[in-house]
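Q: show me the folded form of this:
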Amino acid sequence: METTDEKSAIAKETTNARRIRYAKQCIIVLAASLTNIPSGMIQFWPNVLASHLVRDNSTIFGSQIQLDPWQMDLVASVTQIGSLVGFLSAGVFLSLVGRKYSLSITAIPGIFGSSLITLSVNTYMLLIGRFLDGMTVGMGNVAVFVYATEISDVSIRGTLCMMSTLLIQAGGLFNIGLGSILSWYYMSIICVGLLLGHCLMVSTLHESPSFLAVKSRDERALRVLRKLRGAQADVQEELCYLQKNNTTSGDSQGYRGLLQKQHLKQIALMTGIFFIHNFCGTQILRANATRQLQQFGLSMDEKYTTIMVIGVFLLGNLFMTTILDCCGRRRCIMASLLVLTVAYASLGTFVYLLNTDPSLIEPQKDKLLKFAYSVQNATFNDAIMDGSAIISIKDWLPLVLLMVAAFGHSMGIGPLVWILPAEMFPTNLRSQGTSVCMVIGSLQVFAILQLYSLMQATLTQAGMYWFFASVSATGILYIYCLLKETSGERVG
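A: Numbers count the residues shown, from 1 in each chain. Presented below is the predicted three-dimensional model:
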């Protein structure tokens, strides 16, 4: 929490000066987070591929490419294997070369991976490219959230971390929207260009003052802190706090430092939170929204319905950005899981009724006919008689429920699961602790994405949605009992 000296300093700072200072921090975090746009494109890219293969399965060279359902599952899930390597690599790079240069390194695998996807003529090239893209996603997640956590003031830390998450959703929406016009290989070319731009942007940033303090570069750390906290802040006191916090956390650095009891408890807690996040259904929705909508056989164009679902992810993130620092992490996650429980329970019930007794869901034409006769409108009556005015509930209810699930996921459990690890560990173990937590989460994401087709076959589609609802409901109790609020708490 803020010390008495900090509160006194803030009181002396004018409102306009504080706004300018917050704006500077916002610009710095957004610049560091530029890699999240191509990361979002990478995560949502399987939707573009699935949509185009139905209409035109040609490559950039004009040859044909065919993917079986299990191969489509692998296209979505192999990025998680790449993320494992990326997470662990980020833990090493962030500690050795610092936060700033690690942000540039994150883009390198993705540049090669997206280039390979662009030139792909077979499944193997696609999968190798997706693996490399996954490395960029993994490294970027760790580097961006660690950097944003250490740069930001306590009072706006959650908001700034959420702003970086917004870029992931924006990248996904951009990919789906432009991907409805351009083919999948052109979207990979655009991804390469954005990653190159990120490397140039990062070169203008400050190094993290927390990293500089831990490395005993005190003078440089003080200079950066003065630029970030303002002339009125007691930056010497903050520097002493950082040094003291990392001394009391133990002398062990690197991954061995995580073997301390308190850090093992934090990893165990995050393992459970990641399980809830990954098995509540929306990881599947993010990567396979187009395939799920295709299964419902909606009469609406799948390109536009997919854009609507992915767009809601962005809206949910925008909503949470405005409430996160005032409502706190725990409340946002529990509210998010409640929405997911209702959405997936309703979706499972809908699918069950549709498969057992379609008459309960189909529109009742007899009632519409009686209504048509009571209306003195020949055009409307003719439309009712030939059935063209009958809008089936099957054409809109699944879409609405999937959009509600997307909103629920993105207003809490979705983005916060990536932010929490960076707030739980001290500076000298933050990158390693965050990396380990994200490795565990990535293994779970790989499992759920690869099991998607199998779950539908064994649980049935309705049972799968009920399973997601059950995980979400259990998660509310888990968060309430075990998660400590980190909003407003100082990170060392």
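Q: my read: Leu399 touches Thr306, true?
A: No: contact criterion CB atoms under 8 Å: Leu399 and Thr306 do not qualify, at 9.9 Å. Every C-beta, even on glycine, is put in place using the N, C-alpha and C of the backbone.
Q: and the two? which has more neighbours close in?
A: The residue with more neighbours, out of Leu399 and Thr306 and counting by other CB atoms under 10 Å, is Thr306; that gives 27 against 19.
Q: distance of that one relative to Leu402?
A: From Thr306 across to Leu402, the span is 10 Å (CB to CB, to the nearest Å).
Q: likewise for Thr136?
A: 28 Å.
Q: repeat that for Arg330.
A: In terms of CB to CB, Arg330 sits 26 Å off from Leu402.
Q: neighbour-wise, which of the two wins?
A: Higher neighbour count among Arg330 and Leu402: Leu402, with 25 against 18, using other CB under 10 Å.
Q: what separation do you get for that one and Leu416?
A: Leu402 is 21 Å from Leu416, by CB to CB.
Q: packing partners of the host helix or strand of Met201?
A: For Met201, the host element (DSSP states H and E) is helix 184-202. Applying 3 or more CB pairs under 8 Å, 6 or more residues apart in numbering; DSSP states H and E, we find helix 184-202 packed against helix 15-32, helix 36-55, helix 99-105, helix 107-118, helix 123-151, helix 157-179.
Q: any idea which helix or strand comes after the second one?
A: Yep, that's helix 36-55 we're talking about. helix 69-96.
Q: buried set for that next one?
A: Buried residues in helix 69-96, defined by neighbour count with 16 or more other CB atoms under 10 Å: 72-91, 93-95.
Q: stretch 471-482 now?
A: 471-476, 478-479.
Q: make CSV from those and add pLDDT, distance to Val144 and secondary structure to it.
A: Compiled in CSV, the buried residues of stretch 471-482 are given as follows (pLDDT from 0 to 100; distance: CB to CB, whole Å; DSSP: H, G, I helix; E, B strand; the rest coil):
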residue, pLDDT, distance to Val144, secondary structure
Val471, 95, 27, helix
Ser472, 95, 27, helix
Ala473, 96, 31, helix
Thr474, 96, 30, helix
Gly475, 95, 25, helix
Ile476, 96, 28, helix
Tyr478, 96, 26, helix
Ile479, 95, 24, helix
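Q: nearest to Val339, of the residues you listed?
A: Ser472 (8.4 Å; CB to CB).
Q: spatially central residue for this structure, please.
A: Pro415 (5.1 Å; CA atoms, centre = their mean).
Q: which stretches of the stretch 51-200 of the chain have low pLDDT?
A: Within the stretch 51-200 of the chain, no range satisfies pLDDT under 70.
Q: residues touching the residue nearest to Val417 when sequence neighbours are not counted, list them.
A: Excluding the flanking residues, the one nearest Val417 by CB to CB, 6 or more residues apart in numbering is His277, at 4.4 Å. By CB atoms under 8 Å, 6 or more residues apart in numbering, His277 lies in contact with 283, 413-414, 417, 441.
Q: out of those, which is nearest to Met201?
A: Checking these one by one against Met201 (CB to CB), the nearest turns out to be Gly414, at 25.3 Å.
Q: which residues touch that closest one?
A: Gly414 neighbours (CB under 8 Å, 6+ apart): 277, 282, 313, 316-317, 336.
Q: mind listing which of these are in strands?
A: Under the assignment DSSP state E, those contribute nothing to strands.
Q: pick the one among the contacts of His277 closest to Ala23.
A: Gly414 (26.4 Å).
Q: do a quick rundown of the helices in the stretch 251-400 of the chain.
A: For the stretch 251-400 of the chain, the helices defined by DSSP state H, counting those that start in this stretch cover 261-279, 282-296, 302-327, 329-356, 365-374, 378-386, 397-410.
Q: mind checking the SS state of Arg490?
A: coil (DSSP: H, G, I helix; E, B strand; the rest coil).
Q: and if you look at Gln232?
A: Following three-state DSSP, we place Gln232 in the coil state.
Q: count of neighbours near it?
A: 17.
Q: ok, Arg331 next?
A: The number of residues packed near Arg331 is 17, by other CB under 10 Å.
Q: measure it to Val339 for me?
A: From Arg331 to Val339 the distance is 13 Å (CB to CB).
Q: where does the stretch 301-450 of the chain dip in pLDDT?
A: 301-303, 357-395.
Q: the same query, at a cut-off of 50, please.
A: For the stretch 301-450 of the chain, the stretches flagged by pLDDT under 50 are 363-373, 380-381, 383-391.
Q: circling back to that earlier point, now the buried residues of stretch 471-482 in TSV, with distance to Thr427?
A: As requested, these are arranged in TSV below (distance: CB to CB, whole Å):
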residue	distance to Thr427
Val471	33
Ser472	34
Ala473	36
Thr474	34
Gly475	29
Ile476	32
Tyr478	28
Ile479	26
